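1. Okay, here's the prediction I keep looking at, along with the sequence it came from:
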Amino acid sequence: MKRVLMLVLLALPVMAMAQKPTKSTRSLNSQEVSTTSIPKLYGEIMMSEQQGRPVVRIIFDSASGKLIQDKQMRIDMEALKSYRFGSVLEAVNTLSAMGWTIGESYVWETRTGNELHIAFSKPSPKMMTPDLTKKDAGKDAGKGDAKGGRK
């Protein structure tokens, strides 16, 4: 009887530790959802060569200026678009210092050579939802005549 009692007393702390709640995957998933629900603004670093010299540009789409409500972020975007970077590394370091996150990259083959494209993003809680019901949305997409040529 003493042996059974000793065995139960020794097993009790182990069983108590097994009953402690741990972080479940459900709580981690809810945390991920809450952080990804903040909209992000995306842009692109494009590097090409002109006459043997690298040309690095920052590109934002035309709708991004209309979606951003934060005036300082708009000013920063305009400054990034107009600044001429000497290298991709300089552009990446500048974006990182301004709080942007560097993402995926790819190479696009063109007639004049290869272009390097690097996506970057930044959370922007003050972003408007675009109005997709406007008649003029995508008006530039169908330019050209019925034969596929330019007008």
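-> Great, that's in hand. Numbering: from 1, shown residues only.

2. can we go C-alpha only for contacts and neighbour counts from here?
-> Fine.

3. Show me where this protein has its strands.
-> Residue ranges of the strands in the chain, as given by DSSP state E, are 40-50, 53-59, 101-110, 113-123.

4. Which positions within stretch 101-116 qualify as buried?
-> 102, 115-116 (16 or more other CA atoms under 10 Å).

5. Generate TSV for the strands of the chain, with distance to residue 72 and mean pLDDT as supplementary columns.
-> Formatted as TSV, these follow (distance: least, CA to CA, whole Å; pLDDT from 0 to 100):
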stretch	distance to residue 72	mean pLDDT
strand 40-50	14	92
strand 53-59	17	92
strand 101-110	18	93
strand 113-123	13	93
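
6. Sort out which residues of stretch 41-53 are buried, please.
-> Applying 16+ other CA under 10 Å to stretch 41-53 flags 41-48 as buried.

7. The nearest residue to residue 116 once chain neighbours are set aside and residue 113: what is the separation?
-> Nearest residue to residue 116, sequence neighbours excluded (CA to CA, 6 or more residues apart in numbering): residue 107, at 4.6 Å. Applying CA to CA, to the nearest Å, the value for residue 107 to residue 113 is 10 Å.
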